[in-house]
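Trainee: predicted model and sequence below, questions to follow.
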Amino acid sequence: MSFDNLLLEKRDGVAIVTVNRPDKLNALNRRTREELDAVFTALGADAEVRGVILTGSGEKAFVAGADIGELAAQSPVEGKEFSLRGQRTLDKIEGLGKPVIAAVNGFALGGGCELAMACHLRIASDNARLGTPEVKLGIMCGYAGTQRLSRLVGKGRALEILLTGEMVDAQEACRIGLVNRVVAKDKLLAEAEGLLRKMLANGPISLRFTLEAVNAGLEMPFAQAQYVEATLFGLICTTEDMKEGTRAFLEKRPAKFQGK
Ligand code: COA
(Lines give C-alpha, C1' and ligand atoms only; values in the text may rest on other atoms or scores of the structure.)
Protein backbone atom coordinates (compact mmCIF):
# COMPACT_ATOMS: atom_id res chain seq x y z
CA MET A 1 0.00 0.00 0.00
CA SER A 2 1.23 3.51 -0.67
CA PHE A 3 0.03 6.70 0.96
CA ASP A 4 0.51 10.44 0.51
CA ASN A 5 0.42 11.31 4.21
CA LEU A 6 1.31 8.12 6.07
CA LEU A 7 4.39 5.96 6.39
CA LEU A 8 3.93 2.26 7.04
CA GLU A 9 6.64 -0.07 8.22
CA LYS A 10 6.21 -3.69 9.25
CA ARG A 11 8.73 -5.78 11.14
CA ASP A 12 8.30 -9.10 12.81
CA GLY A 13 4.57 -8.84 13.50
CA VAL A 14 4.56 -5.13 14.42
CA ALA A 15 3.29 -2.38 12.12
CA ILE A 16 4.45 1.20 12.68
CA VAL A 17 2.10 3.79 11.21
CA THR A 18 3.50 7.34 11.08
CA VAL A 19 1.32 10.31 10.23
CA ASN A 20 3.54 12.21 7.84
CA ARG A 21 2.68 15.88 7.29
CA PRO A 22 5.39 17.37 9.49
CA ASP A 23 5.22 20.84 7.91
CA LYS A 24 1.57 21.03 9.15
CA LEU A 25 2.38 19.31 12.45
CA ASN A 26 0.68 16.18 11.07
CA ALA A 27 -2.75 17.84 11.13
CA LEU A 28 -5.48 15.47 9.97
CA ASN A 29 -6.84 16.74 6.70
CA ARG A 30 -9.46 14.69 4.91
CA ARG A 31 -6.91 12.74 2.90
CA THR A 32 -4.92 11.77 6.00
CA ARG A 33 -8.04 10.68 7.86
CA GLU A 34 -9.08 8.56 4.88
CA GLU A 35 -5.63 7.01 4.70
CA LEU A 36 -5.71 6.21 8.42
CA ASP A 37 -9.05 4.50 7.87
CA ALA A 38 -7.65 2.50 4.96
CA VAL A 39 -4.44 1.49 6.71
CA PHE A 40 -6.24 0.29 9.84
CA THR A 41 -8.73 -1.67 7.70
CA ALA A 42 -5.76 -3.37 6.02
CA LEU A 43 -3.85 -3.96 9.27
CA GLY A 44 -6.95 -5.46 10.90
CA ALA A 45 -7.17 -8.01 8.10
CA ASP A 46 -3.42 -8.68 7.91
CA ALA A 47 -2.69 -11.92 9.78
CA GLU A 48 1.05 -11.12 9.80
CA VAL A 49 0.44 -7.99 11.86
CA ARG A 50 -0.17 -8.70 15.54
CA GLY A 51 0.13 -5.19 16.99
CA VAL A 52 0.45 -1.57 15.88
CA ILE A 53 2.35 1.54 16.96
CA LEU A 54 0.93 4.89 15.82
CA THR A 55 3.14 7.96 15.88
CA GLY A 56 3.81 11.28 14.16
CA SER A 57 6.57 12.43 11.87
CA GLY A 58 9.10 15.09 12.82
CA GLU A 59 10.33 16.52 16.11
CA LYS A 60 7.33 18.53 17.24
CA ALA A 61 4.02 16.76 16.86
CA PHE A 62 2.11 13.53 17.13
CA VAL A 63 -0.94 15.14 15.46
CA ALA A 64 -1.83 18.82 16.08
CA GLY A 65 -5.52 18.29 15.38
CA ALA A 66 -7.93 18.20 12.52
CA ASP A 67 -6.90 20.51 9.70
CA ILE A 68 -8.22 23.91 10.73
CA GLY A 69 -8.11 25.20 7.15
CA GLU A 70 -10.58 22.51 6.08
CA LEU A 71 -12.74 22.87 9.19
CA ALA A 72 -13.15 26.60 8.66
CA ALA A 73 -14.94 26.04 5.35
CA GLN A 74 -17.52 23.48 6.50
CA SER A 75 -21.30 23.73 6.36
CA PRO A 76 -23.35 22.22 9.23
CA VAL A 77 -24.15 19.14 7.17
CA GLU A 78 -20.49 18.69 6.22
CA GLY A 79 -19.50 19.25 9.85
CA LYS A 80 -21.75 16.45 11.04
CA GLU A 81 -20.41 14.12 8.33
CA PHE A 82 -16.82 15.13 9.24
CA SER A 83 -17.51 14.17 12.82
CA LEU A 84 -19.24 10.86 12.04
CA ARG A 85 -16.52 9.78 9.61
CA GLY A 86 -13.77 10.60 12.09
CA GLN A 87 -15.60 8.76 14.87
CA ARG A 88 -15.88 5.68 12.65
CA THR A 89 -12.16 5.73 11.86
CA LEU A 90 -11.26 6.01 15.54
CA ASP A 91 -13.74 3.25 16.44
CA LYS A 92 -11.98 1.07 13.87
CA ILE A 93 -8.67 1.63 15.68
CA GLU A 94 -10.19 0.91 19.09
CA GLY A 95 -11.95 -2.18 17.72
CA LEU A 96 -8.94 -3.53 15.79
CA GLY A 97 -8.72 -6.68 17.91
CA LYS A 98 -4.92 -6.27 18.20
CA PRO A 99 -3.11 -3.93 20.60
CA VAL A 100 -2.48 -0.41 19.29
CA ILE A 101 -0.06 1.87 21.16
CA ALA A 102 0.11 5.60 20.48
CA ALA A 103 3.69 6.83 20.71
CA VAL A 104 2.90 10.49 21.44
CA ASN A 105 6.03 12.31 20.26
CA GLY A 106 4.93 15.93 20.70
CA PHE A 107 1.69 17.91 20.38
CA ALA A 108 -1.44 15.71 20.51
CA LEU A 109 -4.18 18.29 20.22
CA GLY A 110 -7.84 18.17 19.32
CA GLY A 111 -8.30 15.36 16.80
CA GLY A 112 -4.72 14.29 17.61
CA CYS A 113 -5.56 13.83 21.28
CA GLU A 114 -8.76 12.03 20.25
CA LEU A 115 -6.74 9.78 17.94
CA ALA A 116 -4.30 8.93 20.74
CA MET A 117 -7.21 8.18 23.07
CA ALA A 118 -8.70 5.71 20.57
CA CYS A 119 -5.46 3.69 20.83
CA HIS A 120 -5.35 1.14 23.63
CA LEU A 121 -2.34 2.63 25.41
CA ARG A 122 -0.42 5.88 25.17
CA ILE A 123 3.27 6.42 25.80
CA ALA A 124 4.42 10.02 25.69
CA SER A 125 7.83 11.55 25.11
CA ASP A 126 8.83 14.06 27.78
CA ASN A 127 8.22 16.98 25.38
CA ALA A 128 4.63 15.89 24.57
CA ARG A 129 1.71 18.18 25.25
CA LEU A 130 -1.89 17.03 25.04
CA GLY A 131 -5.17 18.87 25.00
CA THR A 132 -8.43 19.72 23.30
CA PRO A 133 -8.14 23.38 22.21
CA GLU A 134 -11.27 23.25 20.02
CA VAL A 135 -13.14 25.62 22.35
CA LYS A 136 -10.55 28.30 21.55
CA LEU A 137 -11.66 28.01 17.91
CA GLY A 138 -15.35 28.30 18.76
CA ILE A 139 -15.91 24.59 18.07
CA MET A 140 -15.79 21.43 20.19
CA CYS A 141 -14.45 17.88 20.04
CA GLY A 142 -16.02 15.90 17.21
CA TYR A 143 -14.05 12.65 17.24
CA ALA A 144 -15.54 11.37 20.53
CA GLY A 145 -13.10 13.35 22.67
CA THR A 146 -15.85 14.39 25.09
CA GLN A 147 -16.56 10.70 25.69
CA ARG A 148 -13.14 9.04 25.66
CA LEU A 149 -11.48 11.76 27.77
CA SER A 150 -14.19 11.52 30.45
CA ARG A 151 -13.84 7.75 30.53
CA LEU A 152 -10.03 7.90 30.73
CA VAL A 153 -9.48 10.62 33.33
CA GLY A 154 -12.91 11.10 34.95
CA LYS A 155 -15.51 13.79 34.39
CA GLY A 156 -14.01 16.56 36.52
CA ARG A 157 -10.52 16.40 35.00
CA ALA A 158 -11.95 15.90 31.50
CA LEU A 159 -14.14 18.98 31.82
CA GLU A 160 -11.18 21.06 33.02
CA ILE A 161 -9.23 20.11 29.89
CA LEU A 162 -12.25 20.33 27.55
CA LEU A 163 -13.57 23.66 28.84
CA THR A 164 -10.27 25.53 29.29
CA GLY A 165 -8.74 24.22 26.05
CA GLU A 166 -5.37 24.38 27.85
CA MET A 167 -2.70 21.77 27.16
CA VAL A 168 -1.29 19.43 29.80
CA ASP A 169 2.35 18.41 29.70
CA ALA A 170 3.44 14.77 29.56
CA GLN A 171 4.01 14.43 33.32
CA GLU A 172 0.59 15.83 34.16
CA ALA A 173 -1.01 13.65 31.46
CA CYS A 174 0.61 10.64 33.12
CA ARG A 175 -0.46 11.71 36.61
CA ILE A 176 -4.12 11.91 35.57
CA GLY A 177 -4.07 8.70 33.50
CA LEU A 178 -4.27 10.27 30.08
CA VAL A 179 -0.99 8.57 29.15
CA ASN A 180 0.38 5.34 30.59
CA ARG A 181 4.02 6.41 30.90
CA VAL A 182 6.51 9.12 29.93
CA VAL A 183 9.93 8.44 28.45
CA ALA A 184 12.83 10.42 26.99
CA LYS A 185 12.17 11.52 23.41
CA ASP A 186 14.91 9.35 21.90
CA LYS A 187 13.61 6.23 23.70
CA LEU A 188 9.94 6.61 22.73
CA LEU A 189 9.67 4.17 19.85
CA ALA A 190 11.90 1.56 21.48
CA GLU A 191 9.83 1.75 24.67
CA ALA A 192 6.55 1.48 22.72
CA GLU A 193 7.85 -1.49 20.77
CA GLY A 194 9.19 -3.18 23.92
CA LEU A 195 5.83 -2.83 25.63
CA LEU A 196 3.95 -4.04 22.57
CA ARG A 197 6.21 -7.09 22.19
CA LYS A 198 5.59 -8.00 25.84
CA MET A 199 1.88 -8.14 24.99
CA LEU A 200 2.49 -10.02 21.75
CA ALA A 201 4.30 -12.80 23.61
CA ASN A 202 0.87 -13.73 25.01
CA GLY A 203 -1.93 -15.58 23.25
CA PRO A 204 -3.35 -13.50 20.38
CA ILE A 205 -6.89 -14.69 21.09
CA SER A 206 -6.41 -13.78 24.76
CA LEU A 207 -5.46 -10.26 23.66
CA ARG A 208 -8.36 -10.00 21.22
CA PHE A 209 -11.00 -11.19 23.68
CA THR A 210 -9.59 -9.07 26.51
CA LEU A 211 -9.77 -5.95 24.32
CA GLU A 212 -13.32 -6.89 23.38
CA ALA A 213 -14.39 -7.50 26.98
CA VAL A 214 -12.95 -4.17 28.15
CA ASN A 215 -14.19 -2.10 25.19
CA ALA A 216 -17.68 -3.56 25.02
CA GLY A 217 -18.03 -4.13 28.75
CA LEU A 218 -17.35 -0.52 29.73
CA GLU A 219 -20.43 0.55 27.79
CA MET A 220 -22.74 -1.99 29.50
CA PRO A 221 -24.31 -2.49 32.89
CA PHE A 222 -21.86 -4.43 35.13
CA ALA A 223 -23.90 -7.65 35.23
CA GLN A 224 -24.23 -7.72 31.44
CA ALA A 225 -20.52 -6.98 31.02
CA GLN A 226 -19.68 -9.87 33.36
CA TYR A 227 -21.88 -12.12 31.24
CA VAL A 228 -19.98 -11.08 28.10
CA GLU A 229 -16.72 -11.84 29.91
CA ALA A 230 -17.98 -15.27 30.99
CA THR A 231 -19.12 -16.05 27.45
CA LEU A 232 -15.74 -15.06 25.98
CA PHE A 233 -14.04 -17.10 28.72
CA GLY A 234 -16.11 -20.12 27.74
CA LEU A 235 -15.22 -19.58 24.11
CA ILE A 236 -11.49 -19.25 24.83
CA CYS A 237 -11.60 -22.62 26.60
CA THR A 238 -12.22 -24.19 23.18
CA THR A 239 -9.00 -22.85 21.63
CA GLU A 240 -5.74 -24.61 20.83
CA ASP A 241 -3.96 -21.71 22.51
CA MET A 242 -5.74 -22.46 25.78
CA LYS A 243 -4.61 -26.08 25.63
CA GLU A 244 -1.05 -25.08 24.69
CA GLY A 245 -0.78 -22.30 27.31
CA THR A 246 -1.97 -24.43 30.22
CA ARG A 247 0.02 -27.51 29.08
CA ALA A 248 3.20 -25.42 28.66
CA PHE A 249 2.84 -24.14 32.23
CA LEU A 250 2.44 -27.66 33.61
CA GLU A 251 5.39 -28.90 31.52
CA LYS A 252 7.48 -25.91 32.70
CA ARG A 253 8.26 -24.64 29.18
CA PRO A 254 7.37 -21.47 27.26
CA ALA A 255 4.07 -21.63 25.35
CA LYS A 256 3.97 -21.52 21.55
CA PHE A 257 0.73 -19.79 20.67
CA GLN A 258 -0.75 -20.16 17.18
CA GLY A 259 -3.76 -17.87 17.51
CA LYS A 260 -6.07 -20.84 17.00
N1 COA B 1 -4.53 22.49 11.20
C2 COA B 1 -3.91 23.02 10.15
N3 COA B 1 -2.63 23.47 10.21
C4 COA B 1 -1.99 23.36 11.38
C5 COA B 1 -2.59 22.82 12.52
C6 COA B 1 -3.93 22.37 12.40
N7 COA B 1 -4.58 21.81 13.43
N8 COA B 1 -1.71 22.88 13.55
C9 COA B 1 -0.59 23.41 13.05
N10 COA B 1 -0.75 23.72 11.74
C11 COA B 1 0.22 24.32 10.81
C12 COA B 1 0.39 25.80 11.06
O13 COA B 1 -0.65 26.53 10.43
C14 COA B 1 1.74 26.03 10.44
O15 COA B 1 1.61 26.05 9.04
P16 COA B 1 2.37 27.18 8.15
O17 COA B 1 3.82 26.95 8.42
O18 COA B 1 1.96 26.88 6.75
O19 COA B 1 1.90 28.50 8.68
C20 COA B 1 2.49 24.76 10.79
O21 COA B 1 1.50 23.79 11.06
C22 COA B 1 3.38 24.91 12.01
O23 COA B 1 2.58 25.35 13.09
P24 COA B 1 2.93 26.64 13.97
O25 COA B 1 1.65 27.16 14.56
O26 COA B 1 3.75 27.60 13.19
O27 COA B 1 3.83 25.96 15.11
P28 COA B 1 4.06 26.49 16.58
O29 COA B 1 5.16 25.67 17.14
O30 COA B 1 4.19 27.96 16.63
O31 COA B 1 2.71 26.14 17.38
C32 COA B 1 0.87 24.73 18.02
C33 COA B 1 2.35 24.81 17.59
C34 COA B 1 0.50 23.25 18.08
C35 COA B 1 0.71 25.36 19.41
C36 COA B 1 -0.01 25.49 16.99
O37 COA B 1 0.32 25.03 15.69
C38 COA B 1 -1.50 25.28 17.18
O39 COA B 1 -2.08 25.86 18.09
N40 COA B 1 -2.12 24.47 16.30
C41 COA B 1 -3.55 24.26 16.31
C42 COA B 1 -3.91 23.29 17.42
C43 COA B 1 -5.43 23.12 17.45
O44 COA B 1 -6.17 24.02 17.73
N45 COA B 1 -5.86 21.88 17.20
C46 COA B 1 -7.25 21.53 17.22
C47 COA B 1 -7.83 21.66 15.85
S48 COA B 1 -9.54 21.19 15.83
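Mentor: Sure, I can see it. The structure presented is a predicted model; accordingly, all values stated were derived computationally and were not measured.

Trainee: what comes into contact with the longest helix along the chain?
Mentor: Longest helix of the chain, by residue count under DSSP state H: helix 76-94. By C-beta atoms under 8 Å, 6 or more residues apart in numbering, the surrounding residues in contact with helix 76-94 are 28, 33, 36-37, 40-41, 44, 54, 66, 71, 74, 100, 111, 114-115, 118-120, 142-144, 215. Yep, even glycine has a C-beta here, placed from its N, CA and C like the rest.

Trainee: out of those, which end up buried?
Mentor: 28, 33, 36-37, 40, 54, 66, 71, 100, 111, 114-115, 118-120, 142-144 (16 or more other C-beta atoms under 10 Å).

Trainee: can you show me the helices along the stretch 51-200 of the chain?
Mentor: With DSSP state H, counting those that start in this stretch as the criterion, the stretch 51-200 of the chain has helices at 68-71, 76-94, 111-118, 145-153, 155-164, 170-175, 188-200.

Trainee: possible to save these as JSON lines with mean pLDDT?
Mentor: JSON lines is the format used below for the helices of the stretch 51-200 of the chain (pLDDT from 0 to 100):
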{"stretch": "helix 68-71", "mean pLDDT": "93"}
{"stretch": "helix 76-94", "mean pLDDT": "97"}
{"stretch": "helix 111-118", "mean pLDDT": "98"}
{"stretch": "helix 145-153", "mean pLDDT": "98"}
{"stretch": "helix 155-164", "mean pLDDT": "98"}
{"stretch": "helix 170-175", "mean pLDDT": "98"}
{"stretch": "helix 188-200", "mean pLDDT": "98"}
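
Trainee: looking at those, which is nearest to the ligand?
Mentor: Checking these against the ligand by C-beta to the nearest ligand atom gives helix 68-71 as the closest, at 3.9 Å.

Trainee: how about that closest one, does it reach the ligand?
Mentor: Yes - for a cut-off given as C-beta under 6 Å from any ligand atom, helix 68-71 has contacts with the ligand, namely I68, G69.

Trainee: what comes up buried for that helix?
Mentor: In terms of neighbour count (16+ other C-beta under 10 Å), helix 68-71 has its buried residues at E70, L71.

Trainee: what's next to that helix, contact-wise?
Mentor: For helix 68-71, contacts defined as C-beta under 8 Å, 6+ apart pick out A27, N29, R30, G79, F82, L137, I139.

Trainee: try stretch 141-154
Mentor: 66, 79, 82-83, 86-87, 90-91, 110-111, 113-115, 117-118, 132, 134, 140, 158-159, 161-162, 176-178, 218.

Trainee: from the residues you listed, list just the buried residues.
Mentor: 66, 82-83, 86-87, 90, 110-111, 113-115, 117-118, 132, 134, 158, 161-162, 176, 178.

Trainee: got a winner among the contacts of helix 68-71 for most neighbours?
Mentor: Neighbour tally across the contacts of helix 68-71 (other C-beta atoms under 10 Å): the maximum, 25 neighbours, falls on A27.

Trainee: how close does the nearest residue to that residue once chain neighbours are set aside sit to the ligand?
Mentor: Distances taken as C-beta to C-beta, 6 or more residues apart in numbering put D67 closest to A27, at 4.5 Å, once the chain neighbours are dropped. From D67 across to the ligand, the span is 4 Å (C-beta to the nearest ligand atom, to the nearest Å).
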